[in-house]
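# any chance you could fold what I've pasted below:
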Amino acid sequence: MQIHFIAIGGSVMHNLALALQDKGHTVTGSDDIIYEPSKTRLKAKGLLPASYGWFPEKVHSSLDAVILGMHAKADNPELLRAQELGLKIYSYPEFIYEQSKYKTRVVIGGSHGKTTITAMVLHVMNYHDRPVDYLIGAQLDGFDQMVSLSEENDFIVLEGDEYLSSALDRRPKFHLYRPNIALLSGISWDHVNVFPTYEYYLEQFKGFVDSIVKGGSITYNEEDENVVKIVEASENTIRKLAYRTPEYSVENGETILETPDGPMPIPIFGKHNLSNLAGAKWICQNMGLDEEDFYEAIATFTGASKRLEKMAEGKLSVAFKDFAHAPSKVKASTAAVREQYPNRNLIACLELHTYSSFNPEFLKGYKGALEDATTAAVFYLPESVKIKGLQEVTPEQIKEAFGREDLQVFTNAEAFREFVFKQQYANSALLLMSSGNYGGLDLEEVKEEVEGV
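Numbering: from 1, shown residues only. This next block holds a predicted model:
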């Protein structure tokens, strides 16, 4: 096939392009800007566009498919040309379904935990040399790419994102996969720019459960009230399998998981990660793996990139970076580090970066999210608020939303950097949370500072 990508530089889009080239397809693409690591990875495979921008002449009648990324707008010149020629235009989830409709589709959904659970399942399958196709939104140890498609594998494991598919297809991505085996980890309001009310957001998860093929299964977190309501109310003829956080303890900074064969130390930590583990175990068992084999493999799982990822450790200090930005994720990650290091000062820093984070209604959800931190700081750039066309957010609003009088709020990148480097890291744990880049903070410098203690 000849396939053209409009907005090839996206996280999943560029990985899909690489995967399709690996399968022997002819791949081309365009984008108006491409960041790392997409840029280097595309260049290495000869897929980096020669020039940034949109070039309708790249779109021609001999193309078998055009894949449209969410970054591209409805008036994109290449998209308009593809429509004019009557070419088949896919969003990437629609294309993934077409490539996997004769496979057993395993889809992991939820507002939080989906990347980690998908990573756990892939790690376990890889450990036991059981090849599967996959799509995941983070880089994993032992995997060259975030997307893999083959002719021969029976299973495909997909991280099911609830965000919209493309400018033409306004359905959530996870509505398009039609899973045979599904999981729902938890629900907490996010993406308020496209789901302006919590009720409307919940509707998307109802649609996900209803999209499971008849006779399939939903593995769901019975400790999440909204998940339970949605799953139990569904009239879809599917098996419903509940899971909950397993028994565990923390001893001298190490998490010990209770298993049928006795206590087992594991590298990951935090109640939410242990809950994720329980969900992943059910999924692996549904894919034909024994419980004993699951535990053997999961003992070597160290996590997905930027999901409570240990970035530095000294004799008396430790630092983690985390993708957390929504209130439930921030609270869970902060609580996890506090539980793992109960006798250390916990310095928690959060960058508000997403559209949702600056919404006045959404901000209220952050109340208590940083309560487990000894020292808490929030950083955001007022320019980001303006770029998103939102009303000004003041430091006073931030303090009130989080419910901490001693919360330190920074609106200047240099001031935030000075705060980070003036902290005393002896007997401390640093937690950096953001889906952004902390105003250009040099994480290598932070690493050196922490490791020097």
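
# residues in contact with the nearest residue to Lys173 once chain neighbours are set aside?
Nearest residue to Lys173 in three dimensions, chain neighbours excluded: Pro93, at 4.1 Å (C-beta to C-beta, 6 or more residues apart in numbering). No exception for glycine: its C-beta is placed from N, CA and C like everyone else's. Contact analysis of Pro93 by C-beta atoms under 8 Å, 6 or more residues apart in numbering lists 161, 165, 173-174, 176-177.

# closest one of the residues you listed to Tyr220?
Proximity of the contacts of Pro93 to Tyr220 (C-beta to C-beta) peaks at Phe174, which lies at 14.2 Å.

# surely the closest one touches Lys206?
No - using C-beta atoms under 8 Å, Phe174 makes no contact with Lys206, being 11.8 Å away.

# neighbouring contacts of stretch 4-11?
13-14, 16-17, 27-31, 33-35, 38-39, 42, 47, 49, 54, 58-59, 63, 65-72, 76, 78-79, 82, 137, 146.

# and those residues, which of them are buried?
13-14, 16-17, 27-31, 34, 38, 42, 47, 49, 54, 58-59, 63, 65-72, 76, 78-79, 82, 137, 146 (16 or more other C-beta atoms under 10 Å).

# which secondary structure element contains the residue nearest to Lys173?
Here Pro93 sits within helix 92-100, counting by DSSP states H and E.

# which parts of that helix count as buried, going by neighbours?
92-97, 99-100.

# just to revisit the earlier point, select from the buried ones among the contacts of stretch 4-11 every entry located in strands.
Judged by DSSP state E, strands contain the following of the buried ones among the contacts of stretch 4-11: 27-30, 65-68.

# let me know the closest of those residues to Trp282.
Closest to Trp282 out of these is Ile67 (32.3 Å), distances taken as C-beta to C-beta.

# hmm, that closest one is touching His14, no?
No - in this structure Ile67 lies outside contact range of His14 using C-beta under 8 Å: 11.1 Å.

# now do the residue lying closest to Ser434 once chain neighbours are set aside against Ile398, distance only.
Excluding its sequence neighbours, the residue lying closest to Ser434 (C-beta to C-beta, 6+ apart) is Glu351, at 3.5 Å. Distance, Glu351 to Ile398, using C-beta to C-beta, to the nearest Å: 12 Å.

# give me the residues contacting the helix or strand containing Asn273.
Assigning secondary structure by DSSP H and E places Asn273 in helix 271-286. Here helix 271-286 makes contact (C-beta under 8 Å, 6+ apart) with 106, 108, 112-113, 116-117, 120-121, 124-125, 181, 183, 185, 217, 219, 221, 223, 241, 243-246, 248, 255, 257, 266, 268, 291, 294, 298, 303, 308, 332-333, 335-336, 339.

# one more: stretch 119-126?
Stretch 119-126 is contacted from outside by 106, 108, 131-132, 134, 136, 138, 140, 142-143, 155, 157, 276-277, 280, 283-284, 287, 289, 293-294, 297-298, 300-301, 303-304, 307, using C-beta under 8 Å, 6+ apart.

# now it: how far from the chain's centre is it?
Counting by C-alpha atoms, centre = their mean, to the nearest Å, stretch 119-126 is centred 16 Å from the centre of its parent chain.

# circling back: give me the common contacts of Glu351 and Ile398.
Joint contacts of Glu351 and Ile398 (C-beta under 8 Å, 6+ apart) are 378, 380.
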